[in-house]
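**Student:** Got a predicted model here, sequence first, then my questions.
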Amino acid sequence: MTGFICLDEMKIKENLVLREGKLVGLVDPMSVTEENKRNELASNILVFYGRTVTRKVSVPIAWYATRSMTAGRLASLVWKNIIACEKAGLQVHALICDGHPTNRKMFRIISQGHKITMRSNLMAHNPLAVHRPIALLSDPPHLLKTARNSLYNSRKNGSKEMIDVQGRPIVWTDISDLYKRESHSMLSESLLKKVHVELTPYSKMNVGLARAVLNERVGKVLSKVPRAEGTADYILNFAKYVL
């Protein structure tokens, strides 16, 4: 079977319960290295998910209750699950996760220190099939949210203000100003709504809302707005990859 492994970490409610005579809610011993942290309450669940390219097989492989995960410990768990899948008959061609700093450090570890660049593929050697390396990929929906969130955090004269190679500002103010102008009009060319512009911690995780901002329609409307060309080009560059 030809397939890949996805991994992701999700937030859970911290609690300690007694289930079938066992305490449930503490961190998994395999997720920590320090002995004194093994009695801490878990705040996240790390899930490994295996899938074949035809999606005939799509199942969770393993999950670990965690609180804080180092890149080194994560790399160990990655190899543990890759080897288990290979031995079970799943040929792992790729490992996919989001762009969290810990995940990127883990990529560097299992790729033997290779730098992550825009011009080269990042691969890890497969210990059970040296002729078949494992591609290390960032999940496109997470990258889309990261791009939108970076734009959201970019404000004029702020510490996180972005500019393009031509020195033009790329700022969220252009998006919010466009929404305000169109909200007073009968016709909205960009189709932006309040939920797209006024983000909350939960809406920042919504891929659909990010897609609605980083699309061709919004970029073309902004390209007609004076001094918003930098933001317009930023959006149009991402719109090439948004369906």
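**Tutor:** Alright, I've got the coordinates. Residues are numbered from 1 along each chain as shown.

**Student:** name the helices or strands packed onto the helix or strand where Ser76 lies?
**Tutor:** For Ser76, the host element (DSSP states H and E) is helix 71-88. Counting contacts by 3 or more Cβ pairs under 8 Å, 6 or more residues apart in numbering; DSSP states H and E, helix 71-88 packs against strand 2-11, strand 44-52, strand 58-66, strand 91-97, helix 101-110. All C-beta spots, glycine's among them, are computed from the backbone N, C-alpha and C.

**Student:** got a list of contacts for it?
**Tutor:** Applying Cβ atoms under 8 Å, 6 or more residues apart in numbering, the external contacts of helix 71-88 come out as 3, 5, 7, 30-33, 46, 48, 50, 61-62, 64, 92, 95, 102-103, 105-106, 108-110, 126-129, 134.

**Student:** Just the buried ones among the residues you listed, please.
**Tutor:** Buried members of the contacts of helix 71-88, counted by 16 or more other Cβ atoms under 10 Å: 3, 5, 7, 30-32, 46, 48, 50, 61-62, 64, 92, 95, 102-103, 106, 108-110, 126, 134.

**Student:** who's in contact with the closest residue to Leu214 other than its chain neighbours?
**Tutor:** Once flanking residues are discounted, Leu214 sits nearest to Phe238: 4.3 Å by Cβ to Cβ, 6 or more residues apart in numbering. Neighbour list for Phe238: 144, 147, 214 [criterion: Cβ under 8 Å, 6+ apart].

**Student:** May I ask which of the residues you listed has the most neighbours?
**Tutor:** Neighbour counts for the contacts of Phe238 (other Cβ atoms under 10 Å) peak at Leu214, which has 22 neighbours.

**Student:** What distance do you get for that residue to Ile235?
**Tutor:** As judged by Cβ to Cβ, to the nearest Å, Leu214 and Ile235 stand 5 Å apart.

**Student:** Then Tyr202?
**Tutor:** From Tyr202 over to Ile235 the distance is 23 Å, taken as Cβ to Cβ.

**Student:** just Gly219 next, same as before
**Tutor:** According to Cβ to Cβ, Gly219 stands 4 Å off from Ile235.

**Student:** Just send the helices and strands packed on helix 71-88 back as JSON lines, with distance to Leu122 too.
**Tutor:** Formatted as JSON lines, the helices and strands packed on helix 71-88 follow (distance: least, Cβ to Cβ, whole Å):
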{"stretch": "strand 2-11", "distance to Leu122": "14"}
{"stretch": "strand 44-52", "distance to Leu122": "19"}
{"stretch": "strand 58-66", "distance to Leu122": "22"}
{"stretch": "strand 91-97", "distance to Leu122": "10"}
{"stretch": "helix 101-110", "distance to Leu122": "6"}
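
**Student:** beta partners of Leu7?
**Tutor:** Taking DSSP bridges, one obtains Phe48 as the residues bridged to Leu7.

**Student:** Surely it and Ala94 touch.
**Tutor:** No - with contacts counted by Cβ atoms under 8 Å, Leu7 stays clear of Ala94, the gap being 11.5 Å.

**Student:** anything in contact with each of Leu214 and Ile235?
**Tutor:** Leu151.

**Student:** Need the pLDDT of the residue lying closest to Ile110 once chain neighbours are set aside.
**Tutor:** Excluding the flanking residues, the one nearest Ile110 by Cβ to Cβ, 6+ apart is Ala124, at 4.5 Å. Ala124 carries a pLDDT score of 92 in this model.
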